[in-house]
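Asks: Need coordinates for the following:
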Amino acid sequence: MMTKIYPRTGDKQTVYLNAVVKDSQFEIGDYTIYNDFVSDPLLFEKNNVLYHYPIHREKLVIGKFCSIACGTKFLFNCANHSLKSLSTYTFPLFYEEWGLDKANITSAWDNKGDIVIGNDVWIGYEAVIMAGVHIGDGAIIAARAVVTKDVAPYAIVGGTPAKEIRKRFDLDTIGQLQALKWWEWPVDEIRRCIPFLTNGNVGELLAVERDW
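Replies: Predicted structure coming up:
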């Protein structure tokens, strides 16, 4: 886990996220960054992870080397109202007012599960990720997209609700990248391979000799 908070000297708007979050239900990979030019990025848990109440024990899982833009919101299950009820009003939540059993409080909303973000994912400005969504490795979420369904690896999605615009690469290249899992390599090897990672040529990355 990262102990260094700020990746760049003098830049207090960008943080390594797993050096900032404290909630035990959050699993954040190394080198994943969050940038906020409106609020203090140290307040990510308060400002960006919404309706994450202890009673539900949901997880926010984000992989390594993700880039999360300013204003991204993660909305958890407690933001929902149950669609099984004849009324949209959350009676179980106000159990004291209506003389209900506190043990049934979670019946006030539908449980769609954890939010799971893969590795090397770029989430754009003010995107909203809804409860239960899984986003695959290498995906891109457009600015102000509202993501209500799972996103395939290396897909670009946008809109409200978000829909796939296109794949970043052809299927062969996507398969090769998923097999390589470069984000799991030793840090020194990643550093050595940065020219291959940034030039867009998967063949050169495949050709790298790996002895670890």
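Asks: Go through stretch 73-82 and flag the buried ones.
Replies: 73, 74, 75, 76, 77, 78, 80, 82 (16 or more other Cβ atoms under 10 Å). C-beta here means a position set from N, CA and C on the backbone, and glycine is covered the same way.
Asks: do the same with stretch 139-155
Replies: Of the residues in stretch 139-155, 139-142, 144-148, 151, 153-155 count as buried by neighbour count, 16+ other Cβ under 10 Å.
Asks: again, but for stretch 50-65
Replies: 51, 52, 56, 58, 60, 62, 63, 64, 65.
Asks: tell me which of those residues is nearest to residue 201?
Replies: residue 65 (18.7 Å; Cβ to Cβ).
Asks: what's the spacing between that closest one and residue 103?
Replies: Using Cβ to Cβ, to the nearest Å, one obtains 42 Å as the distance from residue 65 to residue 103.
Asks: what bits of the chain have low per-residue confidence?
Replies: 211-212 (pLDDT under 70).
Asks: Which stretches in it count as helices?
Replies: 44-48, 95-98, 171-180, 187-192, 194-198, 202-206 (DSSP state H).
Asks: Against residue 157, how distant is the residue most central in space within the chain?
Replies: With distances taken as Cα atoms, centre = their mean, residue 117 lies nearest the centre of the chain, 4.1 Å away. Using Cβ to Cβ, we find residue 117 at a distance of 13 Å from residue 157.
Asks: What of residue 178?
Replies: In terms of Cβ to Cβ, residue 178 sits 18 Å off from residue 157.
Asks: So between these two, which is more surrounded?
Replies: Neighbour count, other Cβ atoms under 10 Å: between residue 178 and residue 157, residue 157 has more, with 22 against 14.
Asks: List the contacts of residue 173.
Replies: residue 202 (Cβ atoms under 8 Å, 6 or more residues apart in numbering).
Asks: if we go to 10 Å?
Replies: By Cβ atoms under 10 Å, 6 or more residues apart in numbering, residue 173 lies in contact with 154, 167, 200, 201, 202, 203.
Asks: What subset of these is buried?
Replies: 154, 167, 202.
Asks: Closest one of those residues to residue 93?
Replies: Taking Cβ to Cβ as the measure, residue 154 is the one of these closest to residue 93, at 39.6 Å.
Asks: what's the closest non-adjacent residue to the closest one?
Replies: Spatial nearest neighbour of residue 154, excluding adjacent residues (Cβ to Cβ, 6 or more residues apart in numbering): residue 138 at 4.0 Å.
Asks: shouldn't the one you found be in contact with residue 118?
Replies: Yes: between residue 138 and residue 118 there is a contact under Cβ atoms under 10 Å: 7.1 Å.
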